[in-house]
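# quick one: sequence and predicted model below, then my questions.
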Amino acid sequence: MTATVVLNGEQRPLPAATTLAELVADLAPGVTRGIAVAHNGAVVPRSEWRTTAVRAGDRLEVLMAAQGG
């Protein structure tokens with residue numbers, strides 16, 4: 001079963017009951033720092049990623065810091 005969410009402004013299907021931690025691991029494998037996640041407009045602390053499940057219709061923004069200039 002899948003759930004369609006809006007991820008960074010685009011609709012995307014995800015497996016049902018995906019957590020924010022699983023989503024971030026899929027989007028940025030091996031990256032452990034410099035990522036922020038907003039779930040339905042609220043920034044979610046990293047300590048809550050493993051326990052925050054994504055549901056159909058949720059709006060998510062995943063931002064990654066970049067170096068350079």
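Looks like it arrived, so ask away. Please read these numbers as outputs of a predicted model, since none were measured by experiment.
# which residues of the chain score low on pLDDT?
Across the chain, the stretches falling below the confidence threshold (pLDDT under 70) are 69.
# separation between Val43 and Ala3?
If you measure Val43 against Ala3 using C-beta to C-beta, to the nearest Å, the figure is 21 Å. All C-beta atoms are positioned from the backbone trio N, CA, C, and that covers glycine.
# more neighbours: those two, which one.
Under the criterion of other C-beta atoms under 10 Å, the comparison of Val43 against Ala3 puts Ala3 first, with 17 against 10.
# what's the burial count for the nearest residue to the more buried one once chain neighbours are set aside?
On the basis of C-beta to C-beta, 6 or more residues apart in numbering, the spatially nearest residue to Ala3 that is not a chain neighbour turns out to be Ala56, at 3.9 Å. For Ala56, the count of nearby residues is 12 (other C-beta under 10 Å).
# got a list of what Ala56 touches?
3-5 (C-beta atoms under 8 Å, 6 or more residues apart in numbering).
# will you turn those residues into TSV that also has secondary structure and distance to Arg33?
Listed next are these as TSV, based on DSSP: H, G, I helix; E, B strand; the rest coil; distance: C-beta to C-beta, whole Å:
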residue	secondary structure	distance to Arg33
Ala3	strand	28
Thr4	strand	29
Val5	strand	24
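# with that, I have no additional questions.
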